[in-house]
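K.L.:
sequence and computational prediction follow.
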Amino acid sequence: MTTPYQDRPLTAPISDPATEPYWNAAREGVLRLRRCQACKRPHWYPRPVCPFCAGDTEWKNASGLGTIYSVSVTRRAGPIPYALAYVTLDEGVTMLTNIVDADLDTLYIGQRVKVCFKPAEGDYSIPMFAPV
């Protein structure tokens, strides 16, 4: 059985002053993370205060490469199947995302992926991942 990826309409993300630089970078095709200036640990979801030590954080570009930690293909949530996954980036953070541009039935835990950006409402771009 094969389940080919199909583009689907994406709504605009919720953007606020804390995440606006993230979404602006995504429009330019860049994946960014916040990293603590004190303990140097990156984290996901972007926020101005480090969740580990409460230090100040700064934006850093991510490599955009990672590994599928967990994946599930959703076929009954709507008319278009999609793959929902946790991807652990090479920087060490794990983010919830979609896997795209692949046969969804061939995805597996441990598979290498790279970031790509899909258009959304309101001139936004949403980072998702595709097999390397």
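P.N.:
Received the coordinates, thanks.
K.L.:
going by C-alpha atoms from here, please, whenever you check contacts or count neighbours.
P.N.:
OK.
K.L.:
and the pLDDT at residue 36?
P.N.:
Residue 36 is assigned a pLDDT of 97 by the prediction.
K.L.:
hang on, it packs against residue 46?
P.N.:
No. Look at residue 36 against residue 46 with CA atoms under 8 Å: they stay out of range, at 10.8 Å.
K.L.:
residue contacts, the residue lying closest to residue 29 once chain neighbours are set aside?
P.N.:
Of all residues not flanking residue 29 in the chain, residue 117 sits nearest, at 6.5 Å (CA to CA, 6 or more residues apart in numbering). Listed by CA atoms under 8 Å, 6 or more residues apart in numbering, the contact set of residue 117 reads 26, 29, 125, 126, 127, 128, 129.
K.L.:
helix, strand or coil: sort out residue 117 for me.
P.N.:
strand (DSSP: H, G, I helix; E, B strand; the rest coil).
K.L.:
look up how far residue 73 lies from it.
P.N.:
Using CA to CA, to the nearest Å, we find residue 117 at a distance of 19 Å from residue 73.
K.L.:
neighbour-wise, which of the contacts of residue 117 leads?
P.N.:
residue 129 (26 neighbours; other CA atoms under 10 Å).
K.L.:
quick one: residue 24 from residue 31, how far?
P.N.:
Residue 24 is 10 Å from residue 31, by CA to CA.
K.L.:
so those two - more neighbours on which side?
P.N.:
When neighbours are counted by other CA under 10 Å, residue 24 and residue 31 differ, and residue 31 comes out ahead with 23 against 16.
K.L.:
chain neighbours aside, what residue packs nearest to the more buried one?
P.N.:
residue 62 (5.5 Å).
K.L.:
now do residue 88
P.N.:
residue 94 (4.1 Å).
K.L.:
do I have it right that residue 114 meets residue 87?
P.N.:
No. Counting by CA under 8 Å, residue 114 stays clear of residue 87, with 9.7 Å between them.
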